[in-house]
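Trainee: Here is a sequence together with a model predicted from it:
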Amino acid sequence: QNLYSSMVIFCLIIGPVEQMLTIDNLTTVQEFILEGFPAVQHLGKPLFMVHLLLYLVSITGSIVIVTITWTDHCLQTPMYFFLSNYSFLESCFITTVIPKLLAIFLSGRQTISFAACLTQTFFFLFLGSTCFFLLAVMSLDRYVAICNPLHYHSIMNIKICFFLVLSCYVLGFMLIISLVLMVSQLSFCGFNVINHFFCDLGPLVHLSCSDTSSVESLSFLLSIVIILSSLIVTVISYFNIINTIVNLPLAKERWRAFSTCSSHLIVLFLTYGSVVFIYVKPKQTDRVDVNKEAALVNTVITPLLNPFIYTLRNKQVKKALRDTLYRMRYMKSSWNFR
C-alpha cells in the first residue's frame, strides 16, 4: 500500500513537470522574424533599389581606397595602410547587415534562423569593435606624425603597423566572443519578433525569457571598454595634435597639419555619434524603437559618406585616383590600338 501511494504521488509530481518540459520544447524559438520598418514595408521595391545603390556605392568606394593605397607607391605609408584596413573592415561591417535588409525589402522574407541570427550579431559586434580600435590607432598615428615627426618613420615602421592592426582584430574578437556565447545560453521561447532590421544585441536580449542581467552588465562593461576607451585615446591624441598645430609658427604649416587630420575628425564625429547613443547604456532593452533609426545611420549613411570624405578631402588620394584612371585609360587605348 505504501508502494502504491508512493507511485501515485510520483505520477502526480512527474506528470505536470513532463508536460511543462514538453511545452517548453515546443515553444523554444528556432527562428526569429525581423520586423524591419513596418510603416514603409509597402515601399519594398523602391527602398530595395535605394539601399542597393547606397550599398554598391559604399562597397565600390571602399574597394577603390584599398586598391589605390596598395598600388600607388606614394600612398604606401602608415596613414594609408591604416586607412585601407579601415575601409576593408567597414565594407565587411555593412555586409553583415545590408544584404538581409535588401532581402526584406525585395521579397518580404523576414525570417532568420537562430544560428544565423547569433552569427550576424557576432560579426556585427566584432567588426564594429575592431573598427573602433582601428580608429583609435589612426588617431595615435596622426599624433606621432604631427607631434613627433622626426621619429615618425622609426616608430611607425611596417612591423608596428601590422602588429597594431592585428591587435585590433584579436582584441575585438576576444571581447565579443564571450558576450555572444553568453547570449547563446539564454532561453528564447514564445515571442520571436525582433524589433529591428537585423539581429542587434539589444532587441535580441529583449526577447529572452530568462534572466538577462549578467548579459546586460557584460554588454555595458564592454561598451565602456570598447567605445569610450577608444574615444578617450582619440580625444587625448587630438588634444595634443591641436596644441601642437596652434604652436606652429607658419599659417601654411598649421593648415597642412590640420588638413591631414580633418577627414579623420569628420569620420570620428559621424561614427561615435550614433554608436554611443545606441550602446553605452546599462540596459540593452531601453529605447529599442529609437535605436533602429540610429542604427540605420551607422550601417548605411556613415559607411556611404566615409569613402567620399577620405577621397574628396585628401589631395594625395585624389591625385592617386587620377593617376590610376589615367593608367587604365592608357592601357585600354594601347590594347585597342593593337
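Mentor: Yep, it's here. Numbers count the residues shown, from 1 in each chain.
Trainee: Any stretches of the stretch 1-150 of the chain with poor pLDDT?
Mentor: 1-27 (pLDDT under 70).
Trainee: Now with 80, please.
Mentor: Applying pLDDT under 80 to the stretch 1-150 of the chain flags the ranges 1-29, 36-42, 44, 72-75, 108-109.
Trainee: ranges for the helices of the stretch 151-300 of the chain?
Mentor: Taking DSSP state H, counting those that start in this stretch as the test, the helices found in the stretch 151-300 of the chain are 152-155, 158-184, 201-206, 213-223, 229-246, 251-279, 288-296.
Trainee: what is the rounded mean pLDDT of the second one?
Mentor: The average pLDDT for helix 158-184 rounds to 93.
Trainee: list the buried ones in it?
Mentor: Using 16 or more other CB atoms under 10 Å as the test for burial, helix 158-184 gives 161, 164-165, 168-169, 172, 175-176, 179-180, 183. Any C-beta I mention is one placed from the backbone N, CA and C, and that applies to glycine too.
Trainee: From the contact counts, what lies against it?
Mentor: For helix 158-184, the helices and strands in contact under the criterion 3 or more CB pairs under 8 Å, 6 or more residues apart in numbering; DSSP states H and E are helix 78-95, helix 114-147, helix 201-206, helix 213-223.
Trainee: quick one: that helix to chain centroid distance?
Mentor: Computed by CA atoms, centre = their mean, to the nearest Å, the separation of helix 158-184 from the middle of its chain amounts to 13 Å.
Trainee: Also the first one?
Mentor: If you compare the mean C-alpha spot of helix 152-155 with that of the full chain, they lie 30 Å apart, counting by CA atoms, centre = their mean.
Trainee: So which elements touch it?
Mentor: With contacts defined as 3+ CB pairs under 8 Å, 6+ apart, the secondary structure elements packing on helix 152-155 are helix 114-147.
Trainee: Would you mind saying which of the helices and strands packed on helix 158-184 lies nearest residue 108?
Mentor: With distances scored as CB to CB, the stretch of these nearest to residue 108 is helix 114-147 (17.3 Å).
Trainee: Run through the residues that contact the one residue sitting closest to the centre of the chain.
Mentor: Centre of the chain computed as the mean C-alpha position; nearest residue by CA atoms, centre = their mean is residue 128, 2.7 Å away. Residues in contact with residue 128, defined by CB atoms under 8 Å, 6 or more residues apart in numbering, are 93, 275.
Trainee: how close does it sit to residue 155?
Mentor: Here residue 128 is placed at a distance of 28 Å from residue 155 (CB to CB, to the nearest Å).
Trainee: Excluding covalently adjacent residues, which one is nearest to residue 35?
Mentor: Spatially, and ignoring its direct neighbours in sequence, residue 35 is nearest to residue 195 (5.2 Å; CB to CB, 6 or more residues apart in numbering).
Trainee: just to revisit the earlier point, can I get the helices and strands packed on helix 158-184 in a markdown table with distance to residue 304?
Mentor: Converted to a markdown table, those look like this (distance: least, CB to CB, whole Å):
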| stretch | distance to residue 304 |
| --- | --- |
| helix 78-95 | 9 |
| helix 114-147 | 15 |
| helix 201-206 | 24 |
| helix 213-223 | 25 |
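Trainee: from what I can see residue 36 touches residue 102, true?
Mentor: No: applying CB atoms under 8 Å as the test, residue 36 and residue 102 come out as separate, 11.0 Å apart.
Trainee: between these two, which one's more packed in?
Mentor: The residue with the greater number of neighbours, taking residue 36 and residue 102 and applying other CB atoms under 10 Å, is residue 36; the counts read 22 against 16.
Trainee: ok but the more buried one is inside a strand, no?
Mentor: No: when DSSP: H, G, I helix; E, B strand; the rest coil is applied, residue 36 is found to be coil, with no strand at that position.
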